[in-house]
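>>> everything below, folded, please.
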Amino acid sequence: MSRPPLVAVSDSVFPDLDPAREVLSRVGADLRLAAGVTPDAILQVARDADALLVTYAKITADMIAQMTRCRIIARFGIGVDNVDIPAATNAGIVVTRVPDYCIDEVSDHTLALLLALARKITFANSRAQAGHWEMSAVVPIHRLRGSVLGLVGFGRIPQLVAPKAKAFGLRVISCDPQVSREPMDRAGVEKVEFFELLAASDFISIHAPLTPETNGLFNADVFRRMKPTAHLINTARGPIVKEQALADALDQGLLAGAALDVLSHEPPSGSPLLGRDHVILTPHVSFYSAESLVELQCKAAEEVVRVLGGEKPLHALNPEAFKGS
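From the prediction side, this is the model:
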């Protein structure tokens, strides 16, 4: 008699795995969480698993080579830069992601950061809490209506950012070489080239995936091309922004401020961006709501159920690796 499917979990940030467990119960799967995030600890549960669910743990080619029964690696998340996809493809393992969760949360967080920068909320609050009830410390503050928001990327999240920003009277432009002009036109967003966006934007919000092309995209040269009154917002991936270059640009007055939910190294011990009045940092929480975590678990687990049942997954990064039943 064949054993029930074994689904390993490399790492988890969830309060519990009950939503995923409930979905996986449709195929009678046994769910096992690794005791740690080292390769050895993950392989303890993943070596003989039929599927692997991954959050932030690094899944290397060497690990994949030892996962002899695995048919799917499903990430709890949108980006999949922590899984060696070519190695998975060579091993016949399909890799999936969840591109359509937390879009409300991240787009809301983006607008919250933009508004906080525009109105200097965090700085004004820290001054008031310290007993300095004075307007002179926070001026000038400029009217938001008529400002330009540049969206770097025009996927699901920035497509929700756009109408929210337009409701505040911002003009929205975007650069995304993977997206045609038509969806931008429908959204009332002007399609521009990257350097045009840098020169025109009062606020720049990053919504691009981390790729070799976007790694370090926002560097010293890019900051020199921005308005000195502009603000940078990043809710995408930390390594897209060169943090020392950003700190240097702020010191040189090349831009006015920044709000970052993601950093290259988290937590940011020793970061040159710490302790700055014109920098807002939030601890990688833009994706979070109680509802989004349930949605994420369920959608990732549903991909596992599909593949173990012989069905094609909805969001495979390497569909050629899918073998069916």
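>>> going forward, measure contacts and count neighbours with C-alpha atoms only.
Noted.
>>> how about the strands in this protein?
With strands called from DSSP state E, the chain shows them at 6-9, 30-33, 51-54, 72-75, 94-96, 148-152, 171-175, 190-191, 203-206, 231-234, 257-260, 279-281.
>>> need the pLDDT of the residue nearest to A316 when sequence neighbours are not counted.
Excluding its sequence neighbours, the residue lying closest to A316 (CA to CA, 6 or more residues apart in numbering) is T96, at 4.3 Å. Note on T96: pLDDT of 98.
>>> for T96, give the beta-bridge partners.
When bridges are called by DSSP bridges, T96 pairs up with A74, A316.
>>> same check, this time on L33
Note on L33: beta-bridge partners V9, judged by DSSP bridges.
>>> ok, now which ones touch it?
For L33, the contacting residues are 8-12, 45, by CA atoms under 8 Å, 6 or more residues apart in numbering.
>>> rewinding a little: for E303, see how far away the residue nearest to A316 is.
Using CA to CA, to the nearest Å, T96 is found at 7 Å from E303.
>>> next: T68.
Counting by CA to CA, the gap from T68 to E303 is 19 Å.
>>> more neighbours: the two, which one.
Higher neighbour count among T68 and E303: E303, with 27 against 16, using other CA atoms under 10 Å.
>>> thinking again about what came up before, tabulate the strands of the chain (a markdown table), appending distance to A245.
Converted to a markdown table, those look like this (distance: least, CA to CA, whole Å):
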| stretch | distance to A245 |
| --- | --- |
| strand 6-9 | 37 |
| strand 30-33 | 39 |
| strand 51-54 | 32 |
| strand 72-75 | 31 |
| strand 94-96 | 34 |
| strand 148-152 | 19 |
| strand 171-175 | 22 |
| strand 190-191 | 27 |
| strand 203-206 | 16 |
| strand 231-234 | 13 |
| strand 257-260 | 12 |
| strand 279-281 | 14 |
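>>> out of those, nearest to L293?
The closest of these to L293 is strand 72-75. By CA to CA, the value is 12.9 Å.
>>> what sits up against that closest one?
For strand 72-75, the external contacting residues (CA under 8 Å, 6+ apart) are 50-55, 93-98, 300-301, 303-304, 307.
>>> just the mean pLDDT for it, thanks.
On average, strand 72-75 scores 98.
>>> restrict it to CA atoms and write it as CSV.
The C-alpha trace of strand 72-75 is given here as CSV (Å, rounded to 0.1, in the frame of the first residue of the first chain):
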residue,chain,number,x,y,z
ILE,A,72,6.9,20.6,-6.9
ILE,A,73,8.6,23.4,-5.0
ALA,A,74,5.9,26.0,-4.1
ARG,A,75,6.9,29.3,-2.6
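>>> just use 52 as the starting number from now, easier for me
Understood, numbering begins at 52; the last thing we discussed is strand 123-126.
>>> how far does that strand sit from its chain's centre?
Centre-to-centre, strand 123-126 and its host chain are 17 Å apart (CA atoms, centre = their mean, to the nearest Å).
>>> ok, now stretch 71-81?
Mean-position distance between stretch 71-81 and its chain equals 27 Å (CA atoms, centre = their mean).
>>> which positions within that stretch qualify as buried?
Applying a neighbour-count criterion of 16 or more other CA atoms under 10 Å, one finds 71-72, 74-75, 80 buried in stretch 71-81.
>>> coming back round to it: so can I have CSV of the contacts of L84 showing neighbour count and distance to K293?
Output for those, formatted as CSV (neighbours: other CA atoms under 10 Å; distance: CA to CA, whole Å):
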residue, neighbour count, distance to K293
A59, 27, 35
V60, 26, 32
S61, 28, 29
D62, 20, 28
S63, 18, 28
V96, 21, 37
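>>> can I get these in JSON lines including distance to V134 and pLDDT?
Below are those laid out as JSON lines (distance: CA to CA, whole Å; pLDDT from 0 to 100):
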{"residue": "A59", "distance to V134": "15", "pLDDT": "98"}
{"residue": "V60", "distance to V134": "14", "pLDDT": "98"}
{"residue": "S61", "distance to V134": "12", "pLDDT": "97"}
{"residue": "D62", "distance to V134": "13", "pLDDT": "96"}
{"residue": "S63", "distance to V134": "15", "pLDDT": "95"}
{"residue": "V96", "distance to V134": "17", "pLDDT": "97"}
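>>> now the residues you listed as TSV including distance to G128?
Shown next, in TSV, are the contacts of L84 (distance: CA to CA, whole Å):
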residue	distance to G128
A59	16
V60	14
S61	13
D62	12
S63	11
V96	21
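>>> closest one of the residues you listed to E185?
S63 (44.9 Å).
>>> which residues does that closest one contact?
Here S63 is in contact with 84, 105-106 (criterion: CA under 8 Å, 6+ apart).
>>> quick check: closest non-adjacent residue to the spatially most central residue of the chain.
When CA atoms, centre = their mean is applied to the chain, the residue found nearest the centroid is A287 (3.9 Å). Distances taken as CA to CA, 6+ apart put H258 closest to A287, at 5.2 Å, once the chain neighbours are dropped.
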